[in-house]
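Okay, sequence plus prediction incoming.
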Amino acid sequence: MGSFSLMHWAIVLLLVLLLFGAGKLPKVMGDLAKGVKSFKAGLKDDDAPVLVEATRKPASDA
């Protein structure tokens, strides 16, 4: 499979504009960017070592 030509990208852009409309497109792209940022933040958090503190219940004086 080769790379896409300029005509392919023009058709994809036209289809996206028809599906979402020109007014809704910035909102969709903003939501997509937020999702990507959230995903990257989640990956960054997973790489950090997790410290777990053991909790100890106090012994009752019964």
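The structure has been received and is ready for your questions.

pLDDT weak spots in the chain?
The model of the chain has pLDDT under 70 over residues 1-2, 46-62.

Helices along that one, start to end?
6-20, 25-47 (DSSP state H).

Pipe the ones you listed into CSV and attach mean neighbour count per row.
Where you see a C-beta, it was placed from the backbone N, CA and C, and this is true even at glycine. Converted to CSV, those look like this (neighbours: other Cβ atoms under 10 Å):
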stretch, mean neighbour count
helix 6-20, 11
helix 25-47, 10
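
From residue 45, how far out is residue 24?
Residue 24 sits 31 Å away from residue 45, going by Cβ to Cβ, to the nearest Å.

Same question for residue 37.
Residue 37 is 13 Å from residue 45, by Cβ to Cβ.

who's in contact with residue 37?
Contacts for residue 37 (Cβ atoms under 8 Å, 6 or more residues apart in numbering) come out as none.

just residue 9 next, same as before
Contacts of residue 9 by Cβ under 8 Å, 6+ apart: none found.

ok, now the one 4 residues further on?
By Cβ under 8 Å, 6+ apart, the contact list for residue 13 is empty.

Surely residue 17 is in contact with residue 25?
Yes - using Cβ atoms under 8 Å, residue 17 makes contact with residue 25 at a distance of 7.0 Å.

Neighbours of residue 5, how many?
A count of nearby residues for residue 5, using other Cβ atoms under 10 Å, gives 9.

going forward, begin numbering at 31 instead of 1
With 31 as the first residue, the last one maps to residue 35.

Now do the phi/psi pair for it.
phi -90, psi 180 (degrees, to the nearest 10).

do residue 52 as well
Per degrees, to the nearest 10, the backbone of residue 52 is at phi -70, psi -30.

Return the distance of it relative to residue 71.
30 Å.

Same question for residue 51.
From residue 51 to residue 71 the distance is 30 Å (Cβ to Cβ).
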